[in-house]
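>>> Just to be clear, the model below is a prediction. Sequence and coordinates:
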Number of protein chains: 2
Amino acid sequence: MLIEIDFNSDEAIYVQLQNQIIMGIAMNLIQEGDSLPSVRQLANTVGINMHTVNKAYSILRQEGFIQLDRRKGAVIAIDMDKARALLEMKEQLRVLLARGRCKNISEEEVHVLVNEIYNEYGR
Amino acid sequence: MLIEIDFNSDEAIYVQLQNQIIMGIAMNLIQEGDSLPSVRQLANTVGINMHTVNKAYSILRQEGFIQLDRRKGAVIAIDMDKARALLEMKEQLRVLLARGRCKNISEEEVHVLVNEIYNEYGR
DNA sequence: AATTATGTTATAGTATGCCTATAACAAAAG
DNA sequence: CTTTTGTTATAGGCATACTATAACATAATT
């Protein structure tokens, strides 16, 4: 799985890492049981510090997206606190959809977007 | 329109201001032509610095959500770059929906959320 | 058994962004 | 004329992001 960092972005590096890994899991680029590169390895190939990668991994583990096994270095997204995930998504959707509504984006157009994005996942 | 700041949040104060104003516009709590409180006035009532409010207003203007008229202090969201707004929304939706998919949130459940949020807007 | 790679933790330095505090200015409102 | 407005400038404190070393116990490799 390819990871690319935009060093000119205003988004923190460790956040970019988080998002790309999450999207990788969602799109099945990483399967359950596959292993991510080690902290030092990924830091090296991307060209950033070890601690930056470690921070991203730690948060991902804390949020229940991955599980770090010393022997397997595994990637497992099983901590399924779906109720909380739904609440958090709604919070974020509120501000995101509000922005769109100010620009006259209709509900139907949002549904289309959601549709398109879910079609990007190769079930 | 009531504005409340959570000083314990990790979200920047000026971002909280932005989001609440945008949501206020989306929910018609502020109509086109109504005026926001002045920079100093809002800063005073909320209990923050003038520049923090000014920063929020400036970005909102720059992003085309409001227009600052010296005599009216008006609020107008007419700069309708809908194409760009759609692209930006899709970008943000991608990471948001990916998070949800990792927690097994289905496409239908997202559509329901979108539905619920659009119902919060008074038609 | 010895070496290497792993995750984790600690400390410290630099840079950037957020928030505040004053101050000043021209333009509009009272 | 006085007050309020948006805007701009400077400066300091503070938190966070990123980096640089270093060290440790544990697991994999040889």
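Arrived safely, thanks for sending. Residues are numbered from 1 along each chain as shown, chains lettered A, B, ... in the order given.
>>> unless I'm mixing things up, residue A:109 is touching residue B:85, no?
No - look at residue A:109 against residue B:85 with C-beta atoms under 8 Å: they stay out of range, at 9.9 Å. (Each C-beta comes from the backbone N, C-alpha and C, glycine too.)
>>> Now for the two: what residues contact both?
Common neighbours of residue A:109 and residue B:85, counting by C-beta atoms under 8 Å, 6 or more residues apart in numbering or on different chains, are residue A:100.
>>> Touching, residue A:113 and residue B:93? I think so.
Yes - look at residue A:113 against residue B:93 with C-beta under 8 Å: they come within range, at 5.7 Å.
>>> So between those two, which is more surrounded?
Applying other C-beta atoms under 10 Å in any protein chain shown to residue A:113 and residue B:93 shows that residue B:93 carries more neighbours, namely 22 against 19.
>>> Over to the more buried one: give its phi and psi.
Main-chain dihedrals, residue B:93, degrees, to the nearest 10: phi -60, psi -40.
>>> which residues sit in contact with it?
Neighbour list for residue B:93: A:96, A:113, A:114, A:117 [criterion: C-beta under 8 Å, 6+ apart].
>>> Equivalent analysis for residue A:56, please.
With contact set as C-beta under 8 Å, 6+ apart, residue A:56 has these partners: A:14, A:15, A:17, A:18, A:21.
>>> between residue A:109 and residue B:85, which one's more packed in?
Counting neighbours by other C-beta under 10 Å for residue A:109 and for residue B:85 shows that residue B:85 has the greater number, 20 against 15.
>>> Now that one: which helix or strand?
Assigned by DSSP states H and E, residue B:85 falls within helix B:82-102.
>>> Read off the pLDDT value for residue A:101.
Note on residue A:101: pLDDT of 94.
>>> Tell me which residues touch it, please.
Counted by C-beta under 8 Å, 6+ apart, residue A:101 has contacts B:25, B:26, B:118, B:121.
>>> circling back: now the helix holding residue B:85: buried residues?
Neighbour-count burial for helix B:82-102, counted by 16 or more other C-beta atoms under 10 Å in any protein chain shown, picks out B:85-86, B:88-89, B:92-102.
>>> Which elements pack onto the helix or strand just after that helix?
Next in sequence after helix B:82-102, counting helices and strands by DSSP H and E, comes helix B:107-120. Judged by 3 or more C-beta pairs under 8 Å, 6 or more residues apart in numbering or on different chains; DSSP states H and E, helix B:107-120 is in contact with helix A:82-102, helix A:107-120, helix B:82-102.
>>> Tell me how chain A divides into domains.
For chain A, the structural domains run A:1-78, A:82-120, going by automatic domain parsing.
>>> And these: which comes nearest DNA strand D?
domain A:1-78 (2.6 Å; C-beta to the nearest atom of the strand).
>>> what about the residue nearest to the spatial centre of chain A, distance to DNA strand C?
Compute the mean C-alpha point of chain A, and by C-alpha atoms, centre = their mean the closest residue is residue A:22, 2.4 Å away. Distance of residue A:22 to DNA strand C, computed by C-beta to the nearest atom of the strand, to the nearest Å: 17 Å.
>>> Type out the PyMOL command that picks the buried ones from the contacts of residue A:56.
Only the buried members of these enter the following PyMOL selection, criterion being 16+ other C-beta under 10 Å:
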select buried, chain A and resi 14+17+18+21
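>>> give me the subset of the contacts of residue A:56 touching DNA strand D.
Near DNA strand D, judged by C-beta under 7 Å from any atom of the strand, the entries from the contacts of residue A:56 are residue A:14.
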